[in-house]
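J.: Got a sequence here, can you model it:
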Amino acid sequence: MGIGELDREAHVPEGRPKGTAAGPRTLAEALRARGDDGLAALLRARPDLLGPVPNDLTQLATRAGTRASVVRALERLDRFSLQVAEALAVAPDPAPYPVLLDLFTGGHEEPDIEAALPRAVALLREQALVWGEDDRLRLVRTARELLAPSPQHPSPTGLGPTVAEATAGMSPGRLQEIVAAAGLPSTHDPVSAVAALTGLFTDRERMGALLDTAPPEALSVLDRLVWGPPYGEVTARPTAPVGWLRDRGLLLPVSPRTMVLPREAALHLRGGRAHRAPEPRAPEVGAAREYRPQVVDSAAAGQAYAALATVEELLKSWDHGGPAVLRAGGLAVRDLKRTAAALDVPEPVAAFWLELAYGAGLLASDGEADERYAPTPAYDDWLDQPPAERWARLVGAWLAATRTPGLVGGQDAKGRTLSALGPDLDRAAAPEVRHRVLALLATLPPGAAADPETVLARLRWERPTRGTTTTAKGAPPATADAAKDSGTDPGTAAGAWASEAGAGRASGGPTAPRPAADLRERLARWALGDAELLGVTGRGALSTAARALLNLPLDAPAGQAAEGGGVEPEVAAERAAELLEPLLPQAVDHVLLQADLTAVAPGPLLRPLADALSVLADVESKGGATVYRFTPGSVRRALDTGRSASDLHAFLTAHARTPVPQPLAYLIDDVARKHGHLRIGAASAYVRCDDDALLGEILADRRSAPLRLRRLAPTVLAAQTDPTSLLDGLRSMGYAPAAESVEGDVLITRADAHRTPPRTPPAPVPDGPPAPDATLLKAAVRAIRAGDHAATAVRKEPAVPVTTGGLPRTSAAETLATVQAAAMTGSAVWIGYVNAEGAASQRVIAPVRVEGGFVTGYDHTADEVRTYPLHRITGVAELADEEV
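T.: This next block holds a predicted model:
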């Protein structure tokens, strides 16, 4: 923002009244006229203005007009409020409220617009994007520059420059030719010629009479330009219709080959409307289907249980160390494919579960030299929680996460593939979009499943796609002479006033960066799908437990705003767990053994039983009932943990509702009989067996050749490989060896899992400054008020009025005398102060004590008692009219 903008919107000359009866003259005056609640509302809506807290209202007004802050505020406007700002950008400055209303209604009665426009103006005024009374509405200059049309950045309204802007630099002779061709009397100077043309184009009767004489082909050209883009290309020798329009100023040149339709003429052709399709009302979220709430809750509970089982299965498969971490971070594509196959889900869904576990702090890299992914110690704590609490923790992590698994498989701005658990997956808008999607679902009656397209339409209205807020849908390309498009896409018109967030995509192949609004729509679609996977929704409708977790009313009627009830998140999570717990399947303590060496778990097993059975048998199928299969390898695995055959028989007898089948008993006994006859230790490695015939059999087997075995003694073989490889090799040959220690004891293989060191979940990437709480807002408003009082207090001029940088300048003796006199009389003074860091400020203090080179007094700027070194006070002045 330049000096001119500061003078207009922030600076108030000293000694002049702050505002007049006609309204504020600057943005700073408009802010100064607000109450504390109004300032707090501004700071709450635009928290970037608080970093750091402005010294006074002039600085606040200046900061509110900076480009970055205005762009951020415009990005957060709803569609109609943005349309109002766009209309003000093409309206006269200042614009009376009736003029603004006519830009939307064209002078006709539009009840919806007439009802919504005051709300939109109040919102813009609250956010300091518009200031002034209703008879003099002003859009802040930065917003006008961003939204006003220009050849490089056409307006979202589709309007072009004014006659005065389009004719700037045109020769006086050419202006007089246009005036004469339009049937106007000649003028003496270009200014009056431009004014005459402007008056013609804004006079409906005279403009209508002029257009009545236009050839039909010329009217066809205007029809193509009227709703934008207003620019069209012409040839070196334009056709007669284009020549007719050019001669009368209805098309004005902006370059040798480009013409533009002036704004005043376009508004006449539009019937005075700035937008073709104003949208004063937010689209309603519609219901696709309605179910009984009990049906929704049951379906959501089933999905919640499946989510818990999937996360548990995923992390259990990585118990002894998961896939390696890529050098650039993340999971290799082949490892993602293997994980998806193991979970029996598509790769995007597998990426979602991986990112969910990572975001919840259940999964991380182990930090070793050969870095791999593994569960964290928090995973064990999570397993010990009740199922409903585990679900609440997963959903809480999902709601707060900025990592976006839907981007996995896409490419970043440099064309690199985005990998699961890798960098560059954070999108700051993700949490806000998720919460908003669920809040919109909560506006429907319990049991009603929302139509996804109506949810997306509502989100597009609340945060409109930049550049598509007002342009015509399906409008023909704008052409002039040869019916060619000018090259300006109306769908990208407003993209110039805001930077686009980088967005990946869910499918392979290089693509151009997508705009942020497109990312928001994809985030919303992903949120709907993820909510169904997690059991937040059931059959598309928000579940009762999810409403409790989100701190929303449990029985919100359709159309009612879904507002939180002010409950702490921990309390909301406990309440959600209580509602979900009765709906989850209860854990069982038994299995059903079958003669085909399988066991069927008729429900979720108790944790100790599930852990023990997963060692003794392999999971063959999952679903409502889990099927386990007993194999020689699984039985050997159980024996390796130190259990005997009798222990396994006793375990199955205790937990089976059916007798132990004979084939299963034979399998356990047979594997146990062979288990441990061969002993393997470290030489490099050796094999020891009391049966020398068995060792001879191994040596004679060709499959043992890779192990490079040789006999050291009748009962000992040496191998040139490590014990682990030797164990695996002999087991692949059908033997059941056991490892032994250096003392000759059998080594028991525990089921202990590999865990990472304690890890904290990834921190979400903030979407701008955090929202200030009530305490911060109150303190900030008080500090700004006090600083403004100090900056605007009327002071007595010193005898020698010397100032430096706006600070008072007096000698040390004058400073001491003035503060001593103020301390004796109890009056306040205005001082200039430079702190230890060299930062200068102006303050109003009421001195209480002056001694030892220090002055102590009540600082009205800081609203507290402070002590200042006299040598750091640059000068002092008495207040002319104390109102402290």
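
J.: What helix or strand is R273 located in?
T.: Here R273 sits in a region with no helix or strand, counting by DSSP states H and E.

J.: Same question for A168.
T.: Using DSSP H and E, A168 maps to neither a helix nor a strand.

J.: That one: how many residues sit nearby?
T.: 11 (other CB atoms under 10 Å). Where you see a C-beta, it was placed from the backbone N, CA and C, and this is true even at glycine.

J.: Torsion angles phi and psi at it?
T.: Per-residue torsions, A168: phi -60, psi 130 (degrees, to the nearest 10).

J.: so F352 sits in a helix?
T.: Yes - under DSSP: H, G, I helix; E, B strand; the rest coil, F352 falls within a helix.

J.: Do I have it right that it meets A527?
T.: No - the criterion here is CB atoms under 8 Å, and F352 misses it with A527 at 11.4 Å.

J.: Just want to check the distance between the most centrally placed residue in the chain and T402.
T.: Centroid-nearest residue in the chain: A429, 0.7 Å away (criterion: CA atoms, centre = their mean). Separation of A429 from T402 (CB to CB, to the nearest Å): 8 Å.

J.: Overlap in contacts, the two.
T.: D767 (CB atoms under 8 Å, 6 or more residues apart in numbering).

J.: Need the residues that contact stretch 165-174.
T.: By CB under 8 Å, 6+ apart, stretch 165-174 touches 160, 175, 189-190, 193-194, 197, 249, 252-254, 260, 262.

J.: gap between the two ends of that stretch?
T.: Length of stretch 165-174, first residue to last, CA to CA, to the nearest Å: 15 Å.

J.: Just the buried positions in it, please.
T.: E165, A166, T167, M170 (16 or more other CB atoms under 10 Å).

J.: For the third one, give me the pLDDT.
T.: What it means is T167. The score at T167 is 89. That number is its pLDDT.

J.: Begin at 267, not 1, for the rest of this chat.
T.: Got it, the first residue is 267 from now on, which makes the last one we talked about T433.

J.: Can you find which strand in this structure contains the most residues?
T.: In the chain, assigned by DSSP state E, the strand with the most residues is strand 1106-1117.

J.: and after that one, which helix or strand comes next?
T.: Sequence order places strand 1120-1125 as the next helix or strand after strand 1106-1117, per DSSP H and E.

J.: Residues in contact with that next one: which ones?
T.: When contacts are defined by CB under 8 Å, 6+ apart, strand 1120-1125 is touched by residues 1085, 1089, 1109-1116, 1130-1136, 1139.

J.: circling back to that earlier point, give me the phi and psi for the residue nearest to the centre of the chain.
T.: phi -80, psi -10.

J.: now swap in L872 and tell me
T.: Reported as degrees, to the nearest 10, the phi and psi values for L872 are phi -60, psi 150.

J.: which residues of the stretch 967-1116 of the chain fall in helices?
T.: Ranges of helices in the stretch 967-1116 of the chain, per DSSP state H, counting those that start in this stretch, are 989-998, 1040-1058, 1078-1091.

J.: any chance of those in TSV, with mean neighbour count, distance to I379 and mean pLDDT too?
T.: Shown next, in TSV, are the helices of the stretch 967-1116 of the chain (neighbours: other CB atoms under 10 Å; distance: least, CB to CB, whole Å; pLDDT from 0 to 100):
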stretch	mean neighbour count	distance to I379	mean pLDDT
helix 989-998	17	77	83
helix 1040-1058	18	33	83
helix 1078-1091	16	58	86
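
J.: my guess is A590 contacts A635, does it?
T.: No - contact criterion CB under 8 Å: A590 and A635 do not qualify, at 11.3 Å.

J.: Among the buried residues of stretch 431-440, name the ones in helices.
T.: When the buried residues of stretch 431-440 are checked against helices (DSSP state H), the matches are E431, A432.

J.: Considering the buried residues of stretch 431-440, which is situated nearest to T919?
T.: For the buried residues of stretch 431-440, the residue nearest T919 by CB to CB is E431; the value is 92.9 Å.

J.: sorry, back to before: can you select the buried ones from the contacts of strand 1120-1125 in PyMOL?
T.: Here is the PyMOL command that selects the buried residues among the contacts of strand 1120-1125 (16+ other CB under 10 Å):
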select buried, resi 1085+1089+1109+1110+1111+1112+1113+1116+1134+1139
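
J.: Count the neighbours of the closest residue to L629 other than its chain neighbours for me.
T.: Distances taken as CB to CB, 6 or more residues apart in numbering place A623 nearest to L629, at 4.1 Å, with adjacent residues excluded. Residues lying near A623 (other CB under 10 Å) number 26.

J.: so A623 sits in a helix?
T.: Yes - A623 forms part of a helix when assessed by three-state DSSP.

J.: mind listing what it touches?
T.: Taking CB under 8 Å, 6+ apart, we find A623 in contact with V577, L580, L581, L629.

J.: next one: phi and psi at the last one?
T.: The phi/psi pair for L629 (degrees, to the nearest 10) reads phi -140, psi 140.

J.: who's sitting farthest from the centroid in the chain?
T.: The C-alpha centroid of the chain is most remote from P980, which lies 71.6 Å away (CA atoms, centre = their mean).

J.: Is that residue in contact with A959, as I believe?
T.: No - P980 sits out of contact with A959 when judged by CB under 8 Å, with a separation of 9.8 Å.

J.: Ends of stretch 447-462, what's the gap?
T.: Note: stretch 447-462 ends 12 Å apart using CA to CA.

J.: Please point out which parts of it sit buried.
T.: Across stretch 447-462, burial judged by 16+ other CB under 10 Å covers A448, L450, T453, P456, A459, V460, A462.

J.: could you redo the residues you listed as a markdown table and give each row distance to R490 and secondary structure?
T.: Listed next are the buried residues of stretch 447-462 as a markdown table, based on distance: CB to CB, whole Å; DSSP: H, G, I helix; E, B strand; the rest coil:
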| residue | distance to R490 | secondary structure |
| --- | --- | --- |
| A448 | 21 | coil |
| L450 | 26 | coil |
| T453 | 31 | coil |
| P456 | 30 | helix |
| A459 | 28 | helix |
| V460 | 26 | helix |
| A462 | 27 | helix |
